[in-house]
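Q: need a 3D model of the sequence below.
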Amino acid sequence: MDIMEPHGRGTAADTAEQRIKRAELALARTEEMIAENIALCSRIRTQRRLVEAKERMTKIDPNSPRQ
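A: Take a look at the predicted model:
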């Protein structure tokens, strides 16, 4: 077995290419997760602002209907 062929699976270049592909896949998944987290944070912030706005409206007009 050649030192450059780990476990007989191919050349060092093949192994390096596989690592690069795995790293690119991991990067793409990470970017997707970050985008999802940003969207989730935005929805949470929007919901929080709505709740705060309702509370302010209740202070201005205590007789306003609450949902």
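Q: from the contact counts, what lies against the strand or helix carrying K21?
A: Assessed by DSSP states H and E, K21 sits inside helix 12-60. Secondary structure elements in contact with helix 12-60, counted by 3 or more Cβ pairs under 8 Å, 6 or more residues apart in numbering; DSSP states H and E, are absent; no helix or strand qualifies. Heads up, the C-betas are built off the backbone N, CA and C, glycines and all.
Q: figure out how far that helix is from the centre of its chain.
A: 3 Å (Cα atoms, centre = their mean, to the nearest Å).
Q: where does pLDDT dip in this protein?
A: Per-residue confidence of the chain (counting by pLDDT under 70) places the weak regions at 1-9, 64-67.
Q: again, only using 80
A: Judged against pLDDT under 80, the low-scoring parts of the chain cover residues 1-10, 61-67.
Q: residues making contact with stretch 28-39?
A: Stretch 28-39 is contacted by no other residue when judged by Cβ atoms under 8 Å, 6 or more residues apart in numbering.
Q: what are the buried residues along that stretch?
A: Buried residues in stretch 28-39, defined by neighbour count with 16 or more other Cβ atoms under 10 Å: none.
Q: can I get the CA coordinates of it in PDB?
A: Once side chains and other backbone atoms are set aside, the C-alpha atoms of stretch 28-39 remain, and they are given as PDB (Å, rounded to 0.1, in the frame of the first residue of the first chain):
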ATOM      1  CA  ALA A  28     -23.900  25.200   2.200                       C
ATOM      2  CA  ARG A  29     -25.800  23.500   5.100                       C
ATOM      3  CA  THR A  30     -24.400  26.000   7.500                       C
ATOM      4  CA  GLU A  31     -25.500  28.900   5.300                       C
ATOM      5  CA  GLU A  32     -29.000  27.500   5.100                       C
ATOM      6  CA  MET A  33     -29.200  27.100   8.800                       C
ATOM      7  CA  ILE A  34     -28.000  30.700   9.300                       C
ATOM      8  CA  ALA A  35     -30.600  32.000   6.900                       C
ATOM      9  CA  GLU A  36     -33.300  30.000   8.700                       C
ATOM     10  CA  ASN A  37     -32.200  31.400  12.100                       C
ATOM     11  CA  ILE A  38     -32.200  35.000  10.800                       C
ATOM     12  CA  ALA A  39     -35.700  34.500   9.400                       C
END
